[in-house]
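In: The amino acid sequence is not available; the structure is as follows:
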C-alpha cells in the first residue's frame, strides 16, 4: 500500500513537471502569437499608408517609377489625377491641368440677388428666360439650350453650356436682359500658361508696364487668342529675362502651348509650363475678415483701405491706410498682414503651429510686433532647454530633397529644413509645402506624423464577489456527469479542472475595463481615500451648521496629507519599477523627453 502511494506521488510529481512544461510552451506560443499580430498590424498600417499616399499623390509616385520614356505631349495631356501606363509621368508642375477643356459655356452669377427674388432665379427660370429671349429672333423659333447646370462649389452660379462661340454670344445677350435685379453675366473663363525666360523688352516698356498691343502681337505670333498678360518677375531689376503668365481664351490653345513647350516673342523662344499661383487664405472682400467669401457674408460693407464702414475700397478717398484685421498701416487685403495665419480656418485641425519669429512692423517710429497669442491656439512654452543635447541625437531629413522653401522674386532656395528623430522619421506620413500662402517669403511647411496609439492589451478581470456560486455549483455538477472517469490521474485532473473552469469563467460577470484606470493605483490608496473623504465630510458638515471642531479639522488635514503623500510615493515607486524593467537606451529616452 505504501509503495502504491509512493508511485502515485512520483507520478503526480512527473505530471506536474509536464504541466509546467506545457504551461511554459503555451506561454511561449502566446508571446509568438502576440509578436506575429504586432508585425502583421505594422505591415498592414504601412500598406494602408502607402495606399493613402498613392491616392493623394498618384503622379508624384508614378514619377519615381522607371518606365519607358514618353514624349512631352503625351505627358502634358495626362490629367494630374491619373497614372498612365508605359509613360514616365512628370510632376504636376509640368502636367496639363484637366480643367483645360474645350467645353463652351456662359456663367451667370446670382449671389447679389435679394432673398425675396431668389425664387425667380432658379435653373429652370434662367433657362426659360434665355430660351424665350433667343426664340424671339428670326429662325430661332425652336432653339433650346444645350444644358444648364449649377456649379458644384458655388450654388449661386449657373452655367449655360453652349455648342459654339456664336451660341455663347447669343446666350450672353439673352442673359443680360433678365429682369431680376442682381443677376450678372461673368466674363469668359481664361486659361493661364506660365512663360519662363521671356525677353523683357518684348513685353515691358521702360517704366515696367505691359506694352500696348503686346497681347495682340504675341497672340498672332503664337496663333492663339491672348486676353491679358501679367509679368511675374520683379520689375525693379535690370534682368533682361524673366517670367510672365499669358491668359488665353481657349483650353485647346493652352494645351497646345504646353505641348509645344515653347512660346515665341519677337523671334526668340521662351519655355512654357503650367501656371501654379500661390493661393492665399480665403478672405471676404465685403467685411474683410478671414474664413469666408463675400457671396455668403451678411455683415456690412467695410473698406479695405481705411477700415471704415459704408463704402468700397475702390471709391475710398482716404490717404491713411488701416487694416481691419490687425489695425496695421496697410490694406486689409495686403500680404503684409500676418494675422491671416492665426485666423486661417484651415489650420484649426492642426495639432501644432510653429512660428519661428513674430512679424514686426514700424508704426509711428516704433517697432510693433504681432501678438504671438490667439483665442484659437494654446501657447506652448518649453520648461527645459535641451539645445546642447541635440548634437548627440540622431536626426533624419524629413523634408524632400530640393524642396524650395524660400522665394523672393525669381530667386528660390532651400533654406528651411525639417529634421526628425529616428523614431519620428519612421512615423512620417508627408512633409510638403503648405498650399496656402500668407505673404511671407518663407513658405509654410506642413508635416504629418502617424500618431496612432496602439490599443493597450488588458487582461479580463472577473468580479468573483458577484459570482452566482449556486449556478456555478449546478453547472459543475452537470459538467461532471457528462465526462468519463477512465484514464490515469492526470487525465481525470484535467477533466475536473476543465469542468470547473468552464463553469466559473462562463457564469462569473466580467469587469468593464476603464480607459482612465491608473496603473499605479493600489487598494491601500483606495482605503486612504475613503478615510480622507470620511473625515473631510465630517469637518465640512460642522462648518455648514456654524460649529467649529478643531479636532475634526486637524484629523481631516492629517488624513489628506497621508493620502497625498502615499500617492506621491506610489507614483515614484511605480516609475522606478518601470525604469528597472526597461533597457538603458529606452530609459534615457523617457528621461530625456
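Out: It's in. Predicted model, so just to flag it, every value in this text is computed and none were measured.
In: before we move on, which element is residue 446 in?
Out: strand 445-449 (DSSP states H and E).
In: Could I get the average pLDDT for that strand?
Out: What strand 445-449 shows for mean pLDDT is 86.
In: likewise stretch 211-228?
Out: Mean predicted lDDT for stretch 211-228 stands at 88.
In: now what about it, what contacts it?
Out: Stretch 211-228 is contacted by residues 188, 190, 202-205, 229, 246-250, 253, 256-257, 263-266 when judged by Cβ atoms under 8 Å, 6 or more residues apart in numbering. Where C-beta positions appear, they are placed from N, C-alpha and C, glycine not excepted.
In: The residues you listed in strands, which ones?
Out: 229, 246-248, 263-265 (DSSP state E).
In: who's in contact with residue 460?
Out: residue 510.
In: Make TSV out of the ones in strands among the contacts of stretch 211-228 and add distance to residue 239 and neighbour count.
Out: Putting the ones in strands among the contacts of stretch 211-228 into TSV (distance: Cβ to Cβ, whole Å; neighbours: other Cβ atoms under 10 Å) gives the following:
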residue	distance to residue 239	neighbour count
229	18	19
246	19	29
247	23	18
248	25	24
263	18	24
264	20	15
265	15	21
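In: In those residues, find the pair that's most separated.
Out: Farthest-apart pair in those is 247 and 264; separation 17.1 Å (Cβ to Cβ).
In: before we move on, which element is residue 578 in?
Out: helix 550-581.
In: Tell me who's in contact with residue 193.
Out: 245-248, 254, 257-258, 263, 272-275.
In: for it, which residues make a bridge with it?
Out: Counting by DSSP bridges, residue 193 forms beta bridges with residue 246, residue 274.
In: roughly how far apart are it and residue 41?
Out: 48 Å (Cβ to Cβ, to the nearest Å).
In: Give the burial count for residue 185, as a bare number.
Out: 16 (other Cβ atoms under 10 Å).
In: Specify the beta-bridge partners of it.
Out: Where residue 185 sits in a bridge, its partners, by DSSP bridges, are residue 108.
In: just to revisit the earlier point, ok, the contacts of residue 193 vs residue 566, which is closest?
Out: Checking the contacts of residue 193 one by one against residue 566 (Cβ to Cβ), the nearest turns out to be residue 274, at 67.8 Å.
In: hang on, that closest one packs against residue 258?
Out: Yes: if you go by Cβ atoms under 8 Å, residue 274 and residue 258 touch, sitting 6.7 Å apart.
In: of those two, who's got more company?
Out: residue 258 (25 against 19).
In: ok, back up a step: can you lay out the ones in strands among the contacts of stretch 211-228 as TSV showing distance to residue 490?
Out: Shown next, in TSV, are the ones in strands among the contacts of stretch 211-228 (distance: Cβ to Cβ, whole Å):
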residue	distance to residue 490
229	94
246	91
247	90
248	90
263	91
264	96
265	96
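In: Other residues contacting the helix or strand following the strand holding residue 446?
Out: Following strand 445-449 in sequence order, the next helix or strand is helix 469-482 (DSSP H and E). Defining contact as Cβ under 8 Å, 6+ apart, one finds that helix 469-482 is touched by 496, 499-500, 502-504, 506-508.
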